[in-house]
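# model the following, please.
(chains A and B)
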Amino acid sequence: DTGVSQDPRHKITKRGQNVTFRCDPISEHNRLYWYRQTLGQGPEFLTYFQNEAQLEKSRLLSDRFSAERPKGSFSTLEIQRTEQGDSAMYLCASSRDTSNQPQHFGDGTRLSIL
Amino acid sequence: GDSVTQMEGPVTLSEEAFLTINCTYTATGYPSLFWYVQYPGEGLQLLLKATKADDKGSNKGFEATYRKETTSFHLEKGSVQVSDSAVYFCALGYGGSQGNLIFGKGTKLSVKP
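Residues are numbered from 1 along each chain as shown, chains lettered A, B, ... in the order given. Model prediction:
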């Protein structure tokens, strides 16, 4: 498999702007996850999809955040009206939907808010 | 709620030293346990996993045993190499309809030649 791909690798933007990240999972994986990782911390779960259905959202996912997976393949994560506290690494992972399958992570998108 | 606690880093060892990174967990159910590794400039990679009590996960010389009685999943390696320098994350997850992983804060390991 080609692995989980995320784009862009780095994003620098001014506070108040909107940003969108893309994730392409491993092709045969039904599940897709988004996490956020800040410096010195482990990844924190944001949301996940089973095919095109968004099944779970963390309380970390404020109203400014929205995620989609329209055709059950790639996914986008949009942050509206970015704030300084949104600066983090945004990680995408995918897995098969059978029990105890490991999640495979992409290299992440690093977001910096000026 | 569920949580994972890892020993504080950084950990600095000489090549060929014995490694232990402690991980304990709090869980409401019966999760699977994982160790992920993040090498400099790279994404998270699954190192090993254990799905039930007393299972031992192993990979690349690393081992961890799922201990329900002590709620622990300590990572060990008998002889570390410089190439093992990385950040190690312990995590728990339930699979099924509860898809997300819960991670510890990570432990940075530096191995000196």
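# what does chain A put close to chain B?
A:4, A:31, A:33, A:35, A:40-45, A:48, A:50, A:55-56, A:58, A:91, A:93, A:95, A:99-108 (CB under 8 Å from any CB of the partner chain). All C-beta atoms are positioned from the backbone trio N, CA, C, and that covers glycine.
# report the buried members of the residues you listed.
Neighbour-count burial within these applies to A:4, A:31, A:33, A:35, A:42-45, A:48, A:50, A:56, A:58, A:91, A:93, A:95, A:100-108; the criterion is 16 or more other CB atoms under 10 Å in any protein chain shown.
# helix, strand or coil for B:Asp54?
coil (DSSP: H, G, I helix; E, B strand; the rest coil).
# so which of the residues of chain A next to chain B belong to strands?
Judged by DSSP state E, the residues of chain A next to chain B include A:31, A:33, A:35, A:44-45, A:48, A:50, A:55-56, A:91, A:93, A:95, A:104-105 as members of strands.
# pull the number of nearby residues for the residue of chain B found nearest chain A.
Distances from chain B to chain A, computed as CB to the nearest CB, single out B:Phe103 as the nearest residue at 3.1 Å. The criterion is other CB atoms under 10 Å in any protein chain shown. On that basis, B:Phe103 has 24 neighbouring residues.
# what pLDDT does the model give it?
Among the per-residue scores, B:Phe103 shows a pLDDT of 95.
# after the lowest-mean-pLDDT helix or strand in chain B, which helix or strand is next?
Sorted by mean pLDDT, DSSP states H and E, the helices and strands of chain B end with strand B:98-103, the least confident at a mean of 81. Along the chain past strand B:98-103, the next helix or strand (assigned with DSSP states H and E) turns out to be strand B:107-112.
# run the chain-centre distance for that following strand.
In terms of CA atoms, centre = their mean, to the nearest Å, the centre of strand B:107-112 is found 14 Å from the chain centre.
# which residues does the closest residue to A:Ile79 other than its chain neighbours contact?
Distances taken as CB to CB, 6 or more residues apart in numbering or on different chains place A:Val19 nearest to A:Ile79, at 5.2 Å, with adjacent residues excluded. Residues counted as contacts of A:Val19 (CB atoms under 8 Å, 6 or more residues apart in numbering or on different chains) are A:11, A:13, A:78-79, A:82, A:111.
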